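>>> Could you work out the structure for the sequence below:
(one chain, ligands or ions: 2)
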Amino acid sequence: MSLVIENLSAAVDGKPILNGITLAIPAGEIHAVMGPNGSGKSTLSYVLAGRDGYEVTGGIATFEGHDILAMEPEERAAAGLFLAFQYPVELPGVGNALFLRTALNAIRKHRGEPELDAMQFLKVARERMRTLNMTDEMLRRGVNVGFSGGEKKRNEVLQMALLQPRLAILDETDSGLDIDALKIVADGVNALRGPNFSALVITHYQRLLNYIVPDRVHVLLDGRIATSGGPELAQRLEAEGYATIQAEAA
Ligand SMILES: Nc1ncnc2c1ncn2[C@@H]1O[C@H](COP(=O)(O)OP(=O)(O)OP(=O)(O)O)[C@@H](O)[C@H]1O
Ligand SMILES: [Mg+2]
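Ligands and ions are numbered 1, 2, ... in the order given. This next block holds a predicted model:
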């Protein structure tokens with residue numbers, strides 16, 4: 001198993017947001033999480049990534065058998081966990097190239113691989129950027145500074161493509177992307193598919209799942225998985241909305 005979450009509960013500012021989430025992703029699988037606004041999707045991703053201010057109040061989460069909740073955020077990243085943010089932050093004054101290279105070298109070091117110098121990094125980054133239809137110029141700017149919504153999302157996918165995580169959590173990486181970019185981003189995720197890669201793809205739209213075909217779809221309602229199914233569940237949601245599932249869960 002790649003990711004195992006059992007009865008996970010979490011609170012923010014003392015307010016319970018996750019109320020007993022149980023979910024397992026076998027290695028090699030891609031699972032989608034859908035759910036209404038405010039149901040706890042981003043909270044789940046933050047708790048798994050170890051963001052400050054998210055208090056785990058019960059349950060467990062393991063990644064490749066290790067208790068990730070006991071690890072520092074950097075240790076989680078070093079172990080191969082990657083989170084693409086719903087709202088990527090702008091870091092004025094921090095060059096994108098240096099930021100990405102520092103992140104990559106930290107992980108390479110952990111894997112026992114040699115660190116890349118600026119030239120070596122540029123070569124690898126350019127190669128990845130070409131496939132993502134990104135321009136070099138975006139490496140020279142501050143991290144996400146002045147990037148359009150879709151450019152920020154592509155920058156997250158570039159980071160993922162460079163780091164080659166073992167588990168990627170993509171929080172609405174499709175939102176705000178134009179039609180071509182959606183396909184490019186999906187290709188970026190699909191390129192990582194393999195026995196040692198799994199992903200949790202958070203999305204509001206069935207459309208993305210035409211490109212990144214998930215093994216399972218989970219519906220989060222009020223901080224719990226209300227139901228799970230195959231890709232057809234996403235189609236059903238698109239047609240019916242959440243009302244019937246909400247009624248069934250009540
Ligand atoms: N600091 C906070 N204080 C109080 N409530 C919070 C705080 N942070 C998050 N919440 C609440 O937790 C709930 C879950 O938020 P979360 O961002 O996980 O939702 P989401 O499922 O990702 O929604 P969306 O689809 O809109 O991105 C929301 O109702 C939100 O208002
Ligand atoms: Mg969210």
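>>> The residue in the chain that ligand 2 sits nearest to: helix or strand, and which one exactly?
Using C-beta to the ion, the single residue of the chain nearest to ligand 2 is residue 42, 3.1 Å away. C-betas here are computed from N, CA, C, even on glycine. Using DSSP states H and E, residue 42 maps to helix 41-49.
>>> contact partners of the next helix or strand after that helix?
If you walk from helix 41-49 toward the C-terminus, the next helix or strand you reach (DSSP H and E) is strand 54-63. Outside strand 54-63, the residues that touch it by C-beta atoms under 8 Å, 6 or more residues apart in numbering are 1-12, 16, 20-21, 43, 46-48, 67-69, 76, 79-81, 167.
>>> related to what we said a few turns ago, quick one: the residue of the chain closest to ligand 2 and residue 171 touch, right?
Yes. The pair residue 42 and residue 171 passes the contact test of C-beta atoms under 8 Å, sitting 5.6 Å apart.
>>> At the contact with ligand 2, which residues of this protein appear?
By the rule C-beta under 5 Å from the ion, the part of the chain lying against ligand 2 is 41-42, 86.
>>> separation between residue 2 and residue 28?
Relative to residue 28, residue 2 is positioned 8 Å away (criterion: C-beta to C-beta, to the nearest Å).
>>> Overlap of the contact sets of these two?
Jointly contacting residue 2 and residue 28 under the rule C-beta under 8 Å, 6+ apart are residue 198.
>>> neighbour-wise, which of those two wins?
residue 2 (23 against 13; other C-beta atoms under 10 Å).
>>> What confidence value was assigned to residue 185?
For residue 185, the pLDDT comes out at 88.
>>> pretty sure it contacts residue 176?
No. Using C-beta under 8 Å, residue 185 is not in contact with residue 176, being 10.8 Å away.
>>> These two: which is more packed in?
residue 185 (26 against 14).
>>> separation between the more buried one and residue 84?
From residue 185 across to residue 84, the span is 9 Å (C-beta to C-beta).
>>> Quick check: neighbours shared by these two?
Residues within reach of residue 185 and of residue 84 at once, by C-beta under 8 Å, 6+ apart, are 153, 157, 173.
>>> picking that back up, strands - which of the contacts of strand 54-63 land there?
Among the contacts of strand 54-63, the members found in strands (DSSP state E) are 3-12, 16, 20-21, 67, 81, 167.
>>> Touching stretch 82-89 from outside, list them.
Residues outside stretch 82-89 that contact it (C-beta under 8 Å, 6+ apart) are 42, 45-46, 48-49, 143-144, 147, 152-153, 155-157, 159-160, 163, 165, 167-173, 175, 202.
>>> ok, so what distance separates the residue lying closest to residue 43 once chain neighbours are set aside from ligand 1?
Leaving out its chain neighbours, the residue that sits closest to residue 43 by C-beta to C-beta, 6 or more residues apart in numbering is residue 17, at 4.6 Å. Note on residue 17: its distance to ligand 1, by C-beta to the nearest ligand atom, to the nearest Å, is 4 Å.
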